[in-house]
Structures are given as structure tokens and as C-alpha cells.
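1. I would like the atomic coordinates for the input below:
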Amino acid sequence: MALSTSEVIPETSPTATEAEHTHDHSHEGHDHSHDHSHDGLEAGLHPAHSHGPALNPEVTREIEVEAPVDEVDKAFKRAIKGYQKHARFPGFRAGKAPDTLVRSRFAKEIRQEVLESLVSEKFRAAIESQKLKPISQPQIVEMLLNEGAPLKFKAAFEVLPEFDVAGYDSIKVEKPDTALTEDEYEGELARILDQHSAVEPVDEDRALAEGDWAEIEFSGEIKELAQTVGEEGLESKQTNAPIHGDDVLIEIGGRNTLKAFTDALVGKKPGDEMAFDVEYPADFGEQRLAGKAVAYDVKIKSIKKKIKPELNAEFAKQLGDYESYEDFTAKLREHLASGKKSRLENIAQEKLVEELVAKFNFPVPESLVQQQVDARLDRGLRALAQQGMAAEQMRKLDFPRLRAAQRDAAVNEVKASLILDKIADAEKIEVPDADLERELLMLSIQHREPLEELQQRLAKDGSLDRIREQLRREKTGSTLYARLAG
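-> Prediction:
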């Protein structure tokens, strides 16, 4: 699968706080990275707040927790003693102020301290006794806490869904043909040679012929299919901006040149102007032109030719650490073949995961969905920042709409992670320490951070476990693909 652990490493982003929740385990493509640990949830309890993010009722559990009055009174006494020892009151020596004065002055703080100590302790004991593992922040409701009375409260939280993955090995996906074709190899080789070719003007007075390069300037108008009849006849609903280009080089008869351009330009001379239409194929690389017709006005500025480099060892050394030109072409072929195989197999593995998601239906914890929405938004915001969007512009984005648009994909990604975890358990798939260490070394190189410092940082914030989980899911996907693709 096309999974990457590089984004597990938390990075400071000036835009991350624009989302409603932040996190540190984003993932490219299908993100199967989630932290299902409930360690530290007690420390995050907020008893003073009775409202929190929406929970999925199908995976929500609610527990009632009590503490006897004697424990409550002891907790209040401890808290009062603590404030009494350090507080300063006019007319009283340190630590000698009466309890009533301390209670009156620090009532809110004392109550909060009692809440934080008792609620966390009792909540932890309750979930352990009932063998529950919360995956969301507990929401405390119906809190009753007063000195001289027992503590009572309810806590609601989400747990992982219970579901069966029986039949997962019945899924079938088509195994792609990953063999590198000669056309693919020749096309990439031609692109590389073209990049390293020298461009020279053609001085002789002649017309353009196949193999020449035409230097042109042009403007184009995308023709819309939708037309209406108006007072002036047919009127196009033009919504696309005009296309302009100056000093653009086009190879006459080149493998990447549309036939319409070659037909229009061949036989023409510098200074000639012409108008012609071009119909772009539906699979054209530039999305806004794919499947469209464009009316062009073109002027030929000059004729040029490209002088290809000599294909020898000296040229090969310019390209990299190659002993000869033959060594370069052999390694280029290997690289292209490996890249195509990896790319197509990743697509097929993602298809396999999509089939698994479609096969198994179960309730999805809303807390995990929201974490995944966060991850997708965070990646999007980082991309916008890299493209030059300022933080001030990002603050003006419609985040509720953006979050809503990410929801369906986030639900499927959470389902995928939960299914892969179940299958990994069934298959007894584990990630050896050597695999984790290799991944950390790659991350260390990528982020230019000493390996030891990286390990310490990731261990401290819990990311090491998430990376191992992620590698386990990746390994599970690869194992299934090897067995089920055919």
C-alpha cells in the first residue's frame, strides 16, 4: 500500500490550530494511522465541562462512578491543608489561617483539586474493573460533589467496535501488469536527453519541418460545450480564463506534440500567424484542457533546433554516479521498472483495502473520524502553506465546510485501519524491531535530525507506538495483496 510514516513526526505548523482539533499523526493517501491507546485519558478529564464532541451512540459506553463520603472529606481536607500551608493571610502566620478562611478564599480551586484527584482515580478504577478501554476523551456528566456528601458522576466515552472479519481472505483484486514497456523507457530517456540538449537558432530562411522546434507565442480560448440561444444567436457560457504563452517551444512531430499543432505549424515560417482549433483527449495531462476544445491564435517567432549531448561516459557522469552511458541506461531501466511496479501495486493494494471496507459494516467511533478529518485538513493546510498561502488567508477559509467535505473519506480510512488491525491479529503479523529501526533511520535522514534525538522525541510523545502500528498495517496490506491478487 502507498503508506508513509514520515508524517507521523509532529511538526509545528502556523496553520494547524485553525482546525477544531489538532493531532500529530497524519498520513498520505489512505491514512491508516490512529492511536487507540487510552493511556493518559484520566489526566485529560474535564469534570467541570458537561459537553464535548459528539459521540457515536453505537460505540459509546457510560459508567456511573461513586466515592464514599469519607474519601470525599479526606480529599477536601488534603486540598485545604495544601492551600493553608502556602497561602498568606493578613494577621496570620504562614500555615495558621483557619480552615474556614482558606475554604472561603480558595473554594473554587479546592473543589477543582478534589475533582482532579478523585475523579481521575475513581474513573481509572471503574474502567479497569469493567475491562473497558476508552478511545475518546471521557465526557463527565451529572457531577455531584460537595463536602460532607458522596461523589457521584457519570462518564461517557467511545470504545472500539466489536466486529468479525471472517471471509476477508475471499476478497480478490486483479494483479496489474507491471512490466515496463519499451515506449515508457524510450519516452523517459528522450525526456532526459531533451533536458540536457542545447537549443540553437536555425539561421537559414526556410519553413518548419518535422524534427524542428517552433518558438511561438499564442492565446487560446477554451470552448464550452454549454451554449444558449440569445439575441445575438448562439452564446457560449465562457467561464474559463484565456490561455496565453510567450516563447514556448513546440517540437514539430514530437511524441508529446498534439497532431493538430504539428499539422498547423509544419510548412510555416517565422512571422506567420494562424488560427486553428485543438481538441484535447479526455486523458490529457493538464486537467483544465482534458476533453476540451480550444481556439488558438498562434504566431511563429523563430525556428530552433536541439543539439543532443554525446552519449558517452562523460555525459553519464554529469547525470550521476555512473561508470558509462550503458551503465546509466541500464540503471534507468531498472529504476523505471521498479517505480512502475511499486506504483501499480500500491494502487492495487488500495483497491484491496477499498473492497475490505465495502465488505465489512460496523459502527465507527466519531472521535477517530474527527481525528482523521484533522489529519486530512492538516495535510491540506501544509500543502497550501508550501504553495505560499499566508496564515492570515487560511484563517478566512470556511473550516466547517472543509471538515464536512473530508468526512466520507475519513470514515473509510478509519474503517480501513480497524479492519487491517483485526486481520493483523488474525494473521499474527508483527513488526520486528529491525523494521522499526530502519524506518526511524529513514525519518532521521528525511527530517535531518540526529537518530538518537528523534527516537527520544518520538518515544516521549507516543509516536513510536503509532509508527509501529502503521508499519503493521502496511505489512498486513502487503501480505494480503501477495496472497489474494491474481
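2. going forward, measure contacts and count neighbours with C-alpha atoms only.
-> Noted.
3. which SS class is the closest residue to residue 451 other than its chain neighbours?
-> Leaving aside its sequence neighbours, residue 451 sits nearest to residue 444 (Cα to Cα, 6 or more residues apart in numbering; 5.3 Å). Residue 444 falls in the helix class when you classify it by DSSP: H, G, I helix; E, B strand; the rest coil.
4. and what of residue 206?
-> Residue 206 falls in the coil class when you classify it by three-state DSSP.
5. Return the residues in contact with it.
-> residue 269 (Cα atoms under 8 Å, 6 or more residues apart in numbering).
6. quick one: the helices in the stretch 51-200 of the chain?
-> 69-86, 99-105, 107-129, 182-195 (DSSP state H, counting those that start in this stretch).
7. tell me which residues of the first one are tucked away?
-> Okay, so that is helix 69-86. 69, 71-73, 75-76, 79-81, 83-84 (16 or more other Cα atoms under 10 Å).
8. Equivalent analysis for the last one, please.
-> Residues of helix 182-195 classed as buried by neighbour count (16+ other Cα under 10 Å): 185, 193.
9. how big is the angle separating the helix or strand hosting residue 327 from helix 182-195?
-> When secondary structure is defined by DSSP states H and E, residue 327 falls within helix 325-359. Put simply, helix 325-359 runs at 120 degrees to helix 182-195, going by axes from the mean of the first three to the mean of the last three Cα atoms, to 10 degrees.
10. Tell me how many other residues surround residue 123.
-> 22 (other Cα atoms under 10 Å).
11. The residue lying closest to it once chain neighbours are set aside: neighbouring residues, count only.
-> Using Cα to Cα, 6+ apart and skipping the chain neighbours, the partner closest in space to residue 123 is residue 65 (6.8 Å). Residue 65 has 17 neighbouring residues, counting by other Cα under 10 Å.
12. sorry, back to before: nearest to residue 454, out of the helices of the stretch 51-200 of the chain?
-> The closest of the helices of the stretch 51-200 of the chain to residue 454 is helix 107-129. By Cα to Cα, the value is 31.4 Å.
13. So which elements touch that closest one?
-> Counting contacts by 3 or more Cα pairs under 8 Å, 6 or more residues apart in numbering; DSSP states H and E, helix 107-129 packs against strand 60-67, helix 69-86.
14. just how off-centre is the longest one within its chain?
-> What it means is helix 69-86. 48 Å (Cα atoms, centre = their mean, to the nearest Å).
15. Convert the C-alpha atoms of that helix to PDB, please.
-> Coordinates of each C-alpha in helix 69-86 appear next as PDB, following Å, rounded to 0.1, in the frame of the first residue of the first chain:
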ATOM      1  CA  VAL A  69     -18.300  10.500  51.800                       C
ATOM      2  CA  ASP A  70     -15.300   9.700  53.900                       C
ATOM      3  CA  GLU A  71     -13.000   9.700  50.900                       C
ATOM      4  CA  VAL A  72     -14.500  12.900  49.700                       C
ATOM      5  CA  ASP A  73     -13.900  14.600  53.100                       C
ATOM      6  CA  LYS A  74     -10.400  13.400  53.200                       C
ATOM      7  CA  ALA A  75      -9.700  14.800  49.700                       C
ATOM      8  CA  PHE A  76     -11.100  18.200  50.800                       C
ATOM      9  CA  LYS A  77      -9.000  18.200  53.900                       C
ATOM     10  CA  ARG A  78      -5.800  17.400  51.900                       C
ATOM     11  CA  ALA A  79      -6.600  20.200  49.500                       C
ATOM     12  CA  ILE A  80      -7.400  22.700  52.300                       C
ATOM     13  CA  LYS A  81      -4.200  21.800  54.100                       C
ATOM     14  CA  GLY A  82      -2.200  22.400  50.900                       C
ATOM     15  CA  TYR A  83      -3.600  25.900  50.400                       C
ATOM     16  CA  GLN A  84      -3.400  26.600  54.100                       C
ATOM     17  CA  LYS A  85       0.300  25.800  54.200                       C
ATOM     18  CA  HIS A  86       1.300  28.100  51.300                       C
END
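16. returning to what we had before: between the helices and strands packed on helix 107-129, which gets the lowest average pLDDT?
-> Of all these, the segment with the smallest mean pLDDT is helix 69-86, scoring a mean of 89.
17. got the contact list for that helix?
-> 94-99, 102-103, 106, 110-111, 113-114, 117-118, 146-151.
18. what element comes up after the helix or strand containing residue 294 heading to the C-terminus?
-> Following DSSP H and E, one finds residue 294 within strand 293-307. Moving toward the C-terminus from strand 293-307, the next helix or strand (DSSP H and E) is helix 313-319.
19. Identify each buried residue in that next one, please.
-> 313, 315-316.
20. what's next to it, contact-wise?
-> Under the criterion Cα under 8 Å, 6+ apart, residues 309, 322-325, 328 lie in contact with helix 313-319.
21. Now the two most distant members of these.
-> Between any two of the contacts of helix 313-319 (Cα to Cα), the greatest distance is 16.9 Å, for 309 and 323.
22. mind showing which ranges of the protein have poor pLDDT?
-> For the chain, applying pLDDT under 70 flags the ranges 1-52, 93, 95, 224-239.
23. Could you break it into its assigned domains?
-> Listed by automatic domain parsing, the domain ranges of the chain are 1-33+364-486, 37-158, 198-307.
24. can you redo those domains as a markdown table with distance to residue 335?
-> Formatted as a markdown table, the domains of the chain follow (distance: least, Cα to Cα, whole Å):
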| stretch | distance to residue 335 |
| --- | --- |
| domain 1-33+364-486 | 18 |
| domain 37-158 | 40 |
| domain 198-307 | 22 |
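25. Nearest to residue 168 among these would be which one?
-> When these are compared by Cα to Cα, domain 1-33+364-486 sits nearest residue 168, at 7.8 Å.
26. follow-up on the earlier one: tell me what the strand holding residue 294 is packed against?
-> Using 3+ Cα pairs under 8 Å, 6+ apart, strand 293-307 sits against strand 198-201, strand 213-223, strand 273-279.
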